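Peer 1: mind folding the following:
(chains A and B)
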Amino acid sequence: DTAVSQTPKYLVTQMGNDKSIKCEQNLGHDTMYWYKQDSKKFLKIMFSYNNKELIINETVPNRFSPKSPDKAHLNLHINSLELGDSAVYFCASSHRTSPEETQYFGPGTRLLVL
Amino acid sequence: AQKITQTQPGMFVQEKEAVTLDCTYDTSDPSYGLFWYKQPSSGEMIFLIYQGSYDQQNATEGRYSLNFQKARKSANLVISASQLGDSAMYFCAMREEGYQKVTFGTGTKLQVIP
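Peer 2: All right, here's what the predicted structure looks like:
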């Protein structure tokens, strides 16, 4: 009965590689997000999709490309990985029509680029 | 200017005591929501409590309560009867009505001492 799930949980890869992280939510939410948490624990929004439409696209390198095949899924593809991409990536979801629009987070994907 | 400020990078509290984690925010939007999340050492982000800007009463959820002082633009989290399992990072966050995204503070690391 996992609410927001991410795969993989850990990702160790070499510089220059391309990798993807997948996210799925079974909460019936209409909005999904990608966040990056750096080594100092600072959490920053990267992207957000509402009903498969991109609504937030923060200043991130265009090596990062989100894709939302449907409302329940949001994937993140990263090309040409760099050392600075090492971080924890969180997926989250919310319901925009609820008053609080509380975001619920997945367990995170710990990416280490060597 | 920082939208969310958490001035306490780290705090200690004795088990069974109450503790207050500070959060101040900056917005000119009359409608906004304030959130607190807990991040234990295992890494997941756990939603704790929500306060809407128009809510007349302070939010409470079990041992968590939010001391909302609108004029001072503060939204402090109070944890009563601290438990060892409360040791974690705590993040304050704000969503403004005019914006799609949630802004997070830098977090406070709470350690509960037996």
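Peer 1: tell me where chain A has strands.
Peer 2: Taking DSSP state E as the test, the strands found in chain A are A:4-7, A:10-13, A:19-25, A:31-37, A:43-50, A:53-57, A:64-70, A:73-78, A:87-94, A:104-105, A:109-113.
Peer 1: chain B now?
Peer 2: Under DSSP E, chain B gives strands at B:4-5, B:10-14, B:19-21, B:24-25, B:32-39, B:46-52, B:60-61, B:64-69, B:74-79, B:88-96, B:102-104, B:108-113.
Peer 1: for the last one, list every residue counted as buried.
Peer 2: Across strand B:108-113, burial judged by 16 or more other Cβ atoms under 10 Å in any protein chain shown covers B:108, B:110, B:112. C-beta coordinates here come from the backbone N, C-alpha and C atoms, glycine included.
Peer 1: who does the last one form a beta bridge with?
Peer 2: It stands for B:Val112. Following DSSP bridges, B:Val112 is listed with bridge partners B:Val13.
Peer 1: wait, doesn't it sit right on B:Gln83?
Peer 2: Yes: counting by Cβ atoms under 8 Å, B:Gln83 is a contact partner of B:Val112 at 6.5 Å.
Peer 1: where do the contact lists of these two overlap?
Peer 2: Among the neighbours of B:Val112, those also in contact with B:Gln83 (Cβ atoms under 8 Å, 6 or more residues apart in numbering or on different chains) are B:Glu15.
Peer 1: re earlier: I'd like the strands of chain B as TSV, with distance to A:Val60 appended.
Peer 2: Listed next are the strands of chain B as TSV, based on distance: least, Cβ to Cβ, whole Å:
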stretch	distance to A:Val60
strand B:4-5	20
strand B:10-14	30
strand B:19-21	30
strand B:24-25	25
strand B:32-39	22
strand B:46-52	24
strand B:60-61	33
strand B:64-69	32
strand B:74-79	28
strand B:88-96	19
strand B:102-104	16
strand B:108-113	27
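Peer 1: any chance of the ones you listed in CSV, plus mean pLDDT?
Peer 2: CSV is the format used below for the strands of chain B (pLDDT from 0 to 100):
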stretch, mean pLDDT
strand B:4-5, 96
strand B:10-14, 97
strand B:19-21, 98
strand B:24-25, 98
strand B:32-39, 96
strand B:46-52, 96
strand B:60-61, 96
strand B:64-69, 97
strand B:74-79, 98
strand B:88-96, 96
strand B:102-104, 94
strand B:108-113, 98
